[in-house]
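Novice: Predicted model follows, preceded by the sequence.
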Amino acid sequence: MWLIRRPVVASLFALMRFRNETKAFSGSFDLQECDDAHLVIRRECGGDEAVLRADFVNKSFEITHNGRQISL
C-alpha cells in the first residue's frame, strides 16, 4: 500500500507501536505542572517510564523511554 511508505504515515505507525508495546502505558499517568509554553506527560508502570516533553513555542517535542531519547 503506497500510503504506508509515506514518511508521516510510517512515523505514525511507529508511534502507535511504541504506545501499544511499552509497559509504561499500562500504569499511571502524570500531567506535570508546566508553564503555558510547555507540556510534560509521564507514564509509568513497574519501573518502566515514558515521558513526553513538548515545547509549543519552538514547535518541538522529545520522547524518552527509561531515560533514553527515542526517535520515531
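Specialist: That came in fine, so what should we check first?

Novice: how distant is the lowest-mean-pLDDT helix or strand in the chain from the center of its chain?
Specialist: When the helices and strands of the chain are scored by mean pLDDT, DSSP states H and E, helix 7-21 comes last with a mean of 92. The chain centroid and the centroid of helix 7-21 are separated by 10 Å, computed with C-alpha atoms, centre = their mean, to the nearest Å.

Novice: ok, and what's touching that helix?
Specialist: With contact meaning C-beta atoms under 8 Å, 6 or more residues apart in numbering, helix 7-21 is reached by 3, 4, 25, 50, 63, 65, 70, 72. Every C-beta, even on glycine, is put in place using the N, C-alpha and C of the backbone.

Novice: likewise stretch 64-72?
Specialist: 11, 14-15, 18, 22, 24, 48-51, 53, 62-63.

Novice: So, low pLDDT: which residues of this protein?
Specialist: Scanning the chain for pLDDT under 70 picks out 1-3.

Novice: can you pull out the strands in it?
Specialist: For the chain, strands defined by DSSP state E occupy the ranges 28-32, 38-45, 48-55, 60-65, 68-70.

Novice: quick one: buried residues of the fourth one?
Specialist: With burial defined by 16 or more other C-beta atoms under 10 Å, the residues of strand 60-65 counted as buried are 63, 65.

Novice: Kind regards, and thank you for your time.
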